[in-house]
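Chemist: kindly generate the corresponding structure for this input.
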Amino acid sequence: MTTETENDFAHRADQLYAARSALADTKRPQRRFGIAEIVQFLNDPSRSLTSEEQRALFADPRLRADYRRLKAQATTFEMPALAAASSGNVNARRFDGGSITIHPSRIPGQLYVILRFNWPANSPRAMLLEGAAGDLVKRALPSADQQGEVMMVLDENNDADAGFLRLLSDPTSTGTFVV
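Modeler: Predicted coordinates:
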């Protein structure tokens, strides 16, 4: 190689290094949260929303309206907030189509959540809870037995279980059951 070729090669390597460094320093564009992600969230019992996705959902009025419309189409039962006079946590709730009760276990920190559906053949696959402050928690549900009963054993020391229990026992939260 000649000196001129070596200099040209070194110059190109410097330019390539500078270009790659500049690309590495730029932030990648964030993926937009939209209708496709909402549909996936509502149809996949195991899909949850990240905190960024929840913020995007509740910050955009049009997206929130689309979410409500799509949720209404996917919902079998709704669990309304309890009367305004309710204070503190509750351990039983009724809704059109069934009821929910929360019972302590003999094991400290463990609770039984029992859902009873009036129509066992069409039991929902997931429960979506929404808190008054905008919290959103979804839980996949096991299949109901022949009597329409679903029993879950939850641990208050598990963050996911604790968040679900907090919203479930909050009288101001609402819920929907998704098929």
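
Chemist: ok, then the element right after the helix or strand bottoming out on mean pLDDT in the chain?
Modeler: Lowest on mean pLDDT, DSSP states H and E among the helices and strands of the chain sits helix 3-25, with a mean of 70. Next helix or strand after helix 3-25 toward the C-terminus (DSSP states H and E): helix 35-43.

Chemist: now do the buried residues in the helix or strand that that following helix is followed by.
Modeler: Later in the chain than helix 35-43, the nearest helix or strand by DSSP H and E is helix 51-59. For helix 51-59, the buried set under the neighbour-count rule, 16 or more other Cβ atoms under 10 Å, comprises 53-54, 56-57. Every residue, glycine included, has its C-beta placed from N, CA and C.

Chemist: just send these back as a markdown table, with distance to E130 and pLDDT too.
Modeler: Listed next are those as a markdown table, based on distance: Cβ to Cβ, whole Å; pLDDT from 0 to 100:
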| residue | distance to E130 | pLDDT |
| --- | --- | --- |
| E53 | 14 | 89 |
| Q54 | 10 | 87 |
| A56 | 16 | 87 |
| L57 | 11 | 87 |
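
Chemist: contacting residues around S99?
Modeler: 92-93, 115-116 (Cβ atoms under 8 Å, 6 or more residues apart in numbering).

Chemist: now stretch 131-144 - C-alpha only, CSV.
Modeler: Output of stretch 131-144 as CSV, limited to C-alpha atoms (Å, rounded to 0.1, in the frame of the first residue of the first chain):
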residue,chain,number,x,y,z
GLY,A,131,-58.4,2.7,39.8
ALA,A,132,-59.8,6.2,40.3
ALA,A,133,-56.2,7.6,40.0
GLY,A,134,-55.7,6.0,36.6
ASP,A,135,-54.0,2.7,37.7
LEU,A,136,-54.7,-0.1,35.3
VAL,A,137,-54.1,-3.8,36.2
LYS,A,138,-55.0,-6.8,34.2
ARG,A,139,-55.1,-10.4,35.5
ALA,A,140,-55.5,-13.5,33.4
LEU,A,141,-58.2,-15.7,35.0
PRO,A,142,-58.2,-19.5,35.3
SER,A,143,-61.1,-21.3,33.7
ALA,A,144,-64.3,-21.4,35.8
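
Chemist: alright, I will stop here.
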